[in-house]
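> The following block contains a protein sequence and its predicted model.
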Amino acid sequence: MEKNVGFFEKVFRLKDHGTNVKTEFLAGLTTFMTMAYILIVNPLTLSAAGLDMGKVFTATAVSSLVATLVMGLLANLPFALAPGMGLNAFFAYTVVLGMGKSPEFALTAVFLEGIVFILLSFFNVREAIINSIPLNIKKAISVGIGLFIAFIGLVNAGIVVQGGAILSLGDITSGTALLALIGLVIAGILLAYNVKGALFIAIIVTTIIGYPMGITTLPGQIISKPAAPYFFDFAWSEILSLDMFVVLFTFLFVDIFDTVGTLLGVSTKAGMLDEKGEVPKAKQALLADAIGTTFGAILGTSTVTTYVESASGVSEGGRTGLTAITTALFFGVALLFSPLFIMIPGAATAPVLILVGLFMMSPVTEINFHDFTEAIPAFLTIVMMPLAYSISDGIVFGVISYVFLKLASKKFKDVTPLTFVLAILFILKFIFL
C-alpha cells in the first residue's frame, strides 16, 4: 500500500496540492456520479439522429474514459470529460434532423473539429477564433443553448406539444409527461439539498417510479458485453461544402468556449490559477479535449468536452489528475452495465435536459443589455436557438446583426476583420443555401 501511495505521490504530487489518495478517489467518484447521466442522455439524444443506442453507449463511455485519462496523466488536473450536452443536441436536432444531413456527415464534422482543435492546441491560434466572437454573444450562446436543451426536454417528455397557434401544453396528468414532472420535482429537491449526484439519482429514482406506470421496461440481464461501437463511419463527399464549414465552426466554437470557460471557472473555484491568473497546463488540458473529440468521432459519438460537473469533485477536495483517473475508471466499469443504462426511458432523462438548461442560463446576468448594439445581437442569439430549433442559426443571427448594428452606429472598432468575414459567410449561406 505504501508503495502505491508513493507511486501516486510521485506521479501526481499529492502533497504539493494539499491532498491524498483517499480524497482524490472520493472526489473522482463524486465527479462520476454528477456526470454519469451522460451515459443515459447521450445515447438517447443521438438515437434521434438514427444512431444505435448500444453503439453510442459504448462510444460515450470509452471516449469519456480515454479523454479523462489523458487529462489526468497529461495535465494532472482534476477535470473529467465526456460528450457535451448541447453539442449532442446540435448534432442530432440541427445537423441531422434540421439540415437533413446524415449521421455520417455529422460525425465527419466532429472528427474534423477534433483534428483542427489538436492543431489549435499545438500552435496556440485559438485566441484568434475566440476573439472574433463578441463577448456578449459568447455569453448569449450558453444561454441560448440552455433554452434549446430545455425545450428539447419539454418536447421529449410530452409536456409541450404541437397545438394551439404553434405549441400548447400536453396532457400532464398521465404517461411520460407526468413521469417527467415527477422526475423534475425529485431532481429539484435533491439539488436544493445539495445532494451529490442529484441528477443521476433523480434519473434512477424516476426510472424506478416509471416501472409501475408501465413506462420503464426491465432488461433481461444486468451485466453484458458492451456493444461494439462504430468505427471510422464517416462521409467525405461534402467535406468542402459551406454547410460543412458552418457545422464544423459551430462544433469548434462551442467546444472551445465550453472548455475554456469550464477550465477557468473550476480552477478559480479550486484556487488553482497561477500567479498570472491562468490555468496551469491549459495547453495540455485543451489537447485532452481535442484527443477525446477525435477519438469519440471515430467511435461514433458527438464532441467531447470538459464537464463543469468536475466542480463537484473539486468541492470534495480533488486537486490532481488522480481525481480524473478515478472518474475515468468508473466510466470503464459502467461499460459492463449497459443494459441498466439503456433501459432508462426518455421521460426519466427529460428533467435532466430541462435542468441542464437552467445551469447554462447563468451568463445572462453578465450580458450588457444597456447598449442596444450589444443587447440585440445577444437577444437574437438566445431566442433564435429554441425558436428556429437550431443552435447554428442563433449564432448566425447574432453575428450578422452585431456587424450590421456596429457598422450602422459607426462603432467600427468593435468589429474585428474575422468577425466581419464570418458575417459575410453567414449571409452567403442564407442567399445560396
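Ah, there it is.

> Any idea how many residues pack against the closest residue to Gly317 other than its chain neighbours?
For Gly317, ignoring the flanking residues on the chain, the nearest one in space by CB to CB, 6 or more residues apart in numbering is Thr23 at 4.3 Å. From N, CA and C alone the C-beta is placed, and that goes for glycine too. Using other CB atoms under 10 Å, Thr23 has 20 neighbouring residues.

> Contacts only, for Thr23.
Residues in contact with Thr23 (CB atoms under 8 Å, 6 or more residues apart in numbering) are Glu316, Gly317, Gly318.

> Just the buried residues of those residues.
Neighbour counting with 16 or more other CB atoms under 10 Å marks Glu316, Gly317, Gly318 as buried within those.

> Then the second one would be within a strand, right?
No - membership of Gly317 in a strand is not supported by DSSP: H, G, I helix; E, B strand; the rest coil, which gives coil.

> Next up, phi/psi of it, please.
Here the main-chain torsion angles of Gly317 (degrees, to the nearest 10) amount to phi 110, psi 0.

> Could you check how far it is from Leu14?
According to CB to CB, to the nearest Å, Gly317 and Leu14 sit 11 Å apart.

> Overlap of the contact sets of these two?
Glu24.

> could you pull out the helices for the stretch 1-150 of the chain?
2-12, 21-35, 38-47, 53-70, 87-89, 103-123, 126-132, 135-157 (DSSP state H, counting those that start in this stretch).

> could you pull out the strands for the protein?
81-83, 160-162, 167-169, 304-306 (DSSP state E).

> Buried deepest among those, which one?
Highest mean neighbour count among the strands of the chain (mean count of other CB atoms under 10 Å): strand 81-83, with a mean of 31.

> Surely Phe341 touches Phe57?
Yes - with contact defined as CB atoms under 8 Å, Phe341 and Phe57 form a contacting pair (6.1 Å).

> what about the two, which has more around it?
Phe57 (28 against 24).

> residue contacts, that one?
Phe57 neighbours (CB under 8 Å, 6+ apart): Leu39, Asn42, Pro43, Pro226, Ala227, Ser338, Phe341, Ile342.

> Highest neighbour count among those?
Neighbour-wise, these (other CB under 10 Å) top out at Asn42, 30 neighbours.

> Now do stretch 416-425: distance to the chain's middle.
Here the centre of stretch 416-425 is set off from its chain's centre by 26 Å, with CA atoms, centre = their mean, to the nearest Å.

> Residues in contact with that stretch: which ones?
Residues contacting stretch 416-425 (CB under 8 Å, 6+ apart): 128-129, 131-134, 242, 245-246, 249, 399-400, 402-404.

> redo that, cut-off 6 Å
Ser132, Val399, Ile400, Val403 (CB atoms under 6 Å, 6 or more residues apart in numbering).

> Next: stretch 312-326.
Looking at what lies outside stretch 312-326 - CB under 6 Å, 6+ apart - the contacts are 8, 12, 17, 19, 23-28, 30-31, 34, 68, 71-72, 76, 78, 80, 266, 269-270.

> What subset of the residues you listed is buried?
8, 12, 17, 19, 23-28, 30-31, 34, 68, 71-72, 76, 78, 80, 266, 270.

> Identify the residue nearest the residue nearest to the spatial centre of the chain in space, chain neighbours excluded?
Taking CA atoms, centre = their mean as the criterion, Gly84 is the residue nearest the geometric centre of the chain, at 2.1 Å. Nearest residue to Gly84, sequence neighbours excluded (CB to CB, 6+ apart): Thr305, at 3.8 Å.

> Is the one you found in contact with Thr259, as I believe?
Yes - Thr305 is within contact range of Thr259, at 5.5 Å (criterion: CB atoms under 6 Å).

> list residues touching both of those two?
Asp289.

> Return the distance of the residue nearest to Gly317 relative to Val195.
Counting by CB to CB, the gap from Thr23 to Val195 is 20 Å.

> so where is the stretch 301-433 of the chain shaky, pLDDT-wise?
432-433 (pLDDT under 70).

> And the helices in it, which stretches?
310-315, 321-334, 338-342, 346-359, 372-387, 391-408, 417-432.

> for the stretch 1-150 of the chain, which spans come out with low pLDDT?
For the stretch 1-150 of the chain (pLDDT under 70), the answer is 1-5, 124-131.

> let's see it at 50
1 (pLDDT under 50).

> check contacts around Phe251.
Phe251 neighbours (CB under 6 Å, 6+ apart): Ala109, Glu113, Thr303.

> Nearest residue to the second one in space, please, no chain neighbours.
Read that as Glu113. Phe251 is the one closest to Glu113 (CB to CB, 6+ apart), at 4.3 Å.

> Can you tell me how far that neighbour is from Met99?
Taken as CB to CB, the span from Phe251 to Met99 is 13 Å.
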